[in-house]
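Engineer: just to be clear, the model below is a prediction. Sequence and coordinates:
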Amino acid sequence: MADVFLDLWGVLADSRKMTPAYRQRAAEILWSRHGGSIEGWLRAHDVALAWYEEHMREPETWERGSWIEVVSRADTENIERMFREAKVPPPPDPHRLSVSLDLDVMSATDAAFPDARSAIARLRRDRHRVFVSTNATESNARGALRGAKILDELDGLFTGEMLNAGKTDPAYWRGIVDRLKVDPKRSFVVDDRPEYLKAAALVGFRCLLMDREARLPPAAMPPYVEAALRNLAGLPQYVADAVRAARVRA
C-alpha cells in the first residue's frame, strides 16, 4: 500500500472550466442577494480578480503575516473591491461572504478532469490511500471537490489553510507527515507545479509531475521529479509497479 497526494487545480480539477462558471454563478448569487445588476457584478468580479491575482503574485505579499493571515486579508479585500465596483453597500462580514460564496458556487460546478474519478477509484481498489494536497483554502477545496463528486471518495484533504503554510514551504509537507505519520519515501505527490514538488522532495516524498500539455521537455525535468504524467490514467499502474519494485528491493 502507498499514500498518494494529488493536487487539486491542474491535477484533479480544471480551472479553465471553473473560472467562467464561477464568474457567472457568483454574479447571479450576488445580484439575487444584494441587488445591483448582473452586468455590474460580472464587471466587479473581473476587476477584483485582476487585483487579487496580481496581489498574490507579489513576493512581499507573503511577508506580511502567516499564510492564513495573508489569504484571509486578500479574500476580504477581494469582496470589498467587488462591492465597491458594483456600487452596492458592503456586507457586514466580507470574509464570511467570501467563504460562503466559494462553497456555494464551486459545489454546484463540476470542473473535474475526465480521468480524475476513475484514477481515484482504481487507486483505492488497490488499497492505496488517496489524499488531496492543495494550496487552496478549505472552502475553495471542499467546494470544488464536492462539485466534482470527489470529496467523499478521498481518505483526507490537506489545504494551505489547515496547515497554515503554502506548498512551496517544506513546512506544509512536514505538517502532512506529522499529522498522518506517513513515510514520505513510500508516498507519492502528484502536482503540476515543479516548485511545489521541490518542497515535497526536500521532505522525502516521491514526486510525479503532471504535465498535461507536455510543456516541459525531458531534458528540462528537475532531478527531484521521478516521472512525468500526461494524465491520471496511468497513475494507478505506476504506483503499483513502484510499490512492487520496493518490495523486491527490500
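Structural biologist: Looks like it arrived, so ask away. In this text the structure is predicted, and so the values were computed from the model without any measurement.
Engineer: low pLDDT regions in the chain?
Structural biologist: 247-250 (pLDDT under 70).
Engineer: the helices in this structure, which residues?
Structural biologist: Per DSSP state H, the chain carries helices over the ranges 15-34, 38-57, 67-86, 94-107, 116-125, 138-147, 160-163, 170-180, 194-202, 235-249.
Engineer: any chance of these in TSV, plus mean neighbour count and distance to Pro217?
Structural biologist: Where C-beta positions appear, they are placed from N, C-alpha and C, glycine not excepted. Shown next, in TSV, are the helices of the chain (neighbours: other Cβ atoms under 10 Å; distance: least, Cβ to Cβ, whole Å):
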stretch	mean neighbour count	distance to Pro217
helix 15-34	16	23
helix 38-57	15	25
helix 67-86	19	33
helix 94-107	19	34
helix 116-125	18	25
helix 138-147	23	30
helix 160-163	20	30
helix 170-180	18	27
helix 194-202	20	13
helix 235-249	14	20
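Engineer: please convert the ones you listed to CSV, extending it with distance to Arg212.
Structural biologist: CSV is the format used below for the helices of the chain (distance: least, Cβ to Cβ, whole Å):
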stretch, distance to Arg212
helix 15-34, 11
helix 38-57, 21
helix 67-86, 26
helix 94-107, 21
helix 116-125, 12
helix 138-147, 17
helix 160-163, 23
helix 170-180, 23
helix 194-202, 14
helix 235-249, 13
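Engineer: relative to Pro223, which of those helices is closest?
Structural biologist: helix 194-202 (8.7 Å; Cβ to Cβ).
Engineer: which strands and helices lie in contact with the closest one?
Structural biologist: With contacts taken as 3 or more Cβ pairs under 8 Å, 6 or more residues apart in numbering; DSSP states H and E, helix 194-202 sits against helix 170-180, strand 187-191, strand 206-210.
Engineer: and the angle for the first one with helix 194-202?
Structural biologist: Right, helix 170-180. 50 degrees (axes from the mean of the first three to the mean of the last three Cα atoms, to 10 degrees).
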